[in-house]
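# Provided below for reference: sequence and predicted model.
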Amino acid sequence: MAVDMNMNVLIVDDYKTMLRIIENLLKQLGFKNIHQATDGGMALEVLHKTSVGLIISDWNMQPMTGLQPLKEVRADPKLKATPFIMITAESKTENVIAAKEAGVNNYIVKPFNAETLKQKIAAVLGNF
């Protein structure tokens, strides 16, 4: 099945430069509808208003880490099947385990490029 490049993609990061970088990479890959949130609470607001086909969230954010919205997404019957990719600058084993236990679909360690992002998305959504 082909990936719908018109699906809504939500990027969550408290660092605006990182939001721009990820959005540009997604556009290079062909995604057209990209939404941004600067924290977990804002991400959950977007998710309750907009049908999203993929969430890409930073781990290290204030006041809520990326783990809390992941847990809330997985606990919500309407959202629980939404693919969720976590991005982090640290590849701490306990963070990877916590994210896996919470139901993350994939994990990206910074720094990364468009090819890495494409591979991680393809592993979750299928090739495109």
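On my side now, so go ahead. Residues are numbered from 1 along each chain as shown.
# nearest the geometric middle of the chain, what residue?
residue 56 (1.1 Å; Cα atoms, centre = their mean).
# SS state for that one?
strand (DSSP: H, G, I helix; E, B strand; the rest coil).
# who's in contact with residue 9?
By Cβ atoms under 8 Å, 6 or more residues apart in numbering, residue 9 lies in contact with 26, 31, 33, 34, 35, 52, 53, 54, 55, 56. All C-beta atoms are positioned from the backbone trio N, CA, C, and that covers glycine.
# among these, which are in helices?
residue 26 (DSSP state H).
# any of the contacts of residue 9 buried? List them.
26, 31, 34, 35, 52, 53, 54, 55, 56 (16 or more other Cβ atoms under 10 Å).
# and of the residues you listed, the nearest to residue 4?
For those, the minimum distance to residue 4 (Cβ to Cβ) is 6.5 Å, reached by residue 53.
# ramachandran coordinates for that closest one?
phi -100, psi -10 (degrees, to the nearest 10).
# low pLDDT regions in the protein?
1 (pLDDT under 70).
# now do the helices in it.
16-29, 40-49, 67-75, 93-102, 114-125.
# okay if I get the ones you listed as TSV plus distance to residue 82?
Shown next, in TSV, are these (distance: least, Cβ to Cβ, whole Å):
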stretch	distance to residue 82
helix 16-29	16
helix 40-49	8
helix 67-75	6
helix 93-102	13
helix 114-125	10
